[in-house]
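[1] Provide a 3D model corresponding to the input given below.
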Amino acid sequence: MDKRFWISGVVVSIAALLLGFVVHEVLLGSDYKALATLYRSEAESQNYFHYMIVAHVLIGFAMTWIYRQGIDTSKSPISQGLRFGLAMALFSTIPGYLIYYAVQPLPSALVHKQMIFSTIAMLLLGVLVAYLNPRSRTSA
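    Below is the predicted model of the structure:
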């Protein structure tokens, strides 16, 4: 794990946290407020914010690590990043929301928005991680 790995992990972690804020606070905040009884209060949520930090650090470093395992030198960074972001969304983002929908009484419209916006965020993170890890780097 070289310097580029650590820089990429940190940058992608910060980007994931910021995109999470945009998706869940800016775009979906009013949807969540309408379902306040299903979620922690804003004051109570502050006590759990460190879990959000840990989660996004794990996202940043895991995405960097996994991406660096299979860089295809015949594809552009953008196409690789989009492919990788889609794979991550299909592997974790979309199934996670479907599982939450199965066990929590959320409106289907909200779940669809969560899946769409979070998939777009994952595509953007995929492009970022591809940009930060040029295709000439194939080792972890």
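
[2] Show me where this protein has its helices.
    Secondary structure of the chain (DSSP state H): helices located at 3-21, 29-33, 42-46, 49-67, 77-88, 94-103, 108-132.

[3] Output those as JSON lines; include the columns mean pLDDT and mean neighbour count.
    Using the backbone N, CA and C atoms, a C-beta is placed for each residue, glycine as well. Putting the helices of the chain into JSON lines (pLDDT from 0 to 100; neighbours: other CB atoms under 10 Å) gives the following:
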{"stretch": "helix 3-21", "mean pLDDT": "97", "mean neighbour count": "17"}
{"stretch": "helix 29-33", "mean pLDDT": "95", "mean neighbour count": "12"}
{"stretch": "helix 42-46", "mean pLDDT": "91", "mean neighbour count": "10"}
{"stretch": "helix 49-67", "mean pLDDT": "97", "mean neighbour count": "16"}
{"stretch": "helix 77-88", "mean pLDDT": "95", "mean neighbour count": "19"}
{"stretch": "helix 94-103", "mean pLDDT": "97", "mean neighbour count": "13"}
{"stretch": "helix 108-132", "mean pLDDT": "97", "mean neighbour count": "19"}
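
[4] Can you tell me, leaving aside adjacent residues, what's nearest to Gln114?
    Tyr97 (5.0 Å; CB to CB, 6 or more residues apart in numbering).

[5] How much space separates that neighbour from Thr37?
    20 Å (CB to CB, to the nearest Å).

[6] Same question for Ala102.
    In terms of CB to CB, Ala102 sits 19 Å off from Thr37.

[7] What of Gly96?
    22 Å.

[8] quick one: contacts of stretch 128-137?
    Contacts with stretch 128-137, where a contact means CB atoms under 8 Å, 6 or more residues apart in numbering, come from 4-5, 7-8, 11-12, 15, 63-64, 67-68, 71-73, 75, 77-78, 80-81, 84.

[9] hang on, I meant stretch 33-48
    With contact meaning CB under 8 Å, 6+ apart, stretch 33-48 is reached by 32, 104-107, 110.

[10] try 6 Å
    For stretch 33-48, the external contacting residues (CB atoms under 6 Å, 6 or more residues apart in numbering) are Tyr32.
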